[in-house]
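In: below is the sequence, then the predicted model.
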Amino acid sequence: MSETILRKIDRRKEDWGAEFYAPVFNQYMGVYVGDPNISTEAVEKVVQAFNQLDQDTLAKLFQFSWDYCKSFCDYVGDQECPSIQQPEEILQYIEPIDMMIEMDPERTETIIRIELNCDWEVEHGLEWLIRDQQILYVGSCEVPDAWKELSYYENYSLNFAFGNNYDNL
């Protein structure tokens, strides 16, 4: 029998949660599953996909998060932006909250949606959305639809994964 990736599984009537170790953050983080019928195995597949993101994808997530930080601080004007030299240093200023699991029985894509706290935008935080290894969204936690066509994300306001920023408002 294989070892489970999830721990502290808490099944409730309407939803369930757990946690897993995320090496990129060097800590455990939560998983929120809004559908009680989604299996542990299906959730573990998403967790594995996240934990196996390649270095190029992670580097892009860090860069887009850093772009969000700089643009937000410039836009607000009264907030000092963290001083970092390399995009991966952004990890010092973000903290994962939950991986939110989404499944559509009609589709086979793996959706990775991570909600994070960030030091520069404490009210709306940070969100990463990845579908089948493609970064679709990096920006404030707005929970954009995970199943839209690519053009939806390219034109999504304040989506730093496609270069949209506060200058575009």
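Out: Nice, thanks for sending it over. Numbers count the residues shown, from 1 in each chain.
In: on the three-state scheme, L61 is what?
Out: Classification of L61 using DSSP: H, G, I helix; E, B strand; the rest coil returns helix.
In: ok, it - contacts?
Out: By Cβ atoms under 8 Å, 6 or more residues apart in numbering, the residues touching L61 are 53, 128, 135, 138. The way it works is simple: take the backbone N, C-alpha and C, and place the C-beta from them, glycine included.
In: can I get the residues you listed in a markdown table with pLDDT, neighbour count and secondary structure?
Out: Below are those laid out as a markdown table (pLDDT from 0 to 100; neighbours: other Cβ atoms under 10 Å; DSSP: H, G, I helix; E, B strand; the rest coil):
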| residue | pLDDT | neighbour count | secondary structure |
| --- | --- | --- | --- |
| L53 | 97 | 18 | coil |
| W128 | 98 | 24 | strand |
| I135 | 98 | 20 | strand |
| V138 | 98 | 26 | strand |
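In: which stretches of this protein have low pLDDT?
Out: For the chain, the stretches flagged by pLDDT under 70 are 1-3, 169.
In: would you map the helices across it?
Out: Remark: helices assigned in the chain by DSSP state H are 40-51, 55-76, 150-154.
In: and the longest one, what's buried?
Out: Of all the residues in helix 55-76, those buried under the rule 16 or more other Cβ atoms under 10 Å are 60-73.
In: I'd like those laid out as a markdown table, including distance to M29.
Out: Listed next are the buried residues of helix 55-76 as a markdown table, based on distance: Cβ to Cβ, whole Å:
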| residue | distance to M29 |
| --- | --- |
| K60 | 20 |
| L61 | 15 |
| F62 | 16 |
| Q63 | 21 |
| F64 | 19 |
| S65 | 16 |
| W66 | 20 |
| D67 | 23 |
| Y68 | 19 |
| C69 | 20 |
| K70 | 25 |
| S71 | 25 |
| F72 | 23 |
| C73 | 25 |
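In: just the closest of the residues you listed to S151, please.
Out: F64 (18.2 Å; Cβ to Cβ).
In: who does the nearest residue to the closest one once chain neighbours are set aside bridge with?
Out: Distances taken as Cβ to Cβ, 6 or more residues apart in numbering place V138 nearest to F64, at 3.8 Å, with adjacent residues excluded. Beta-bridge partners of V138, counted by DSSP bridges, are W128.
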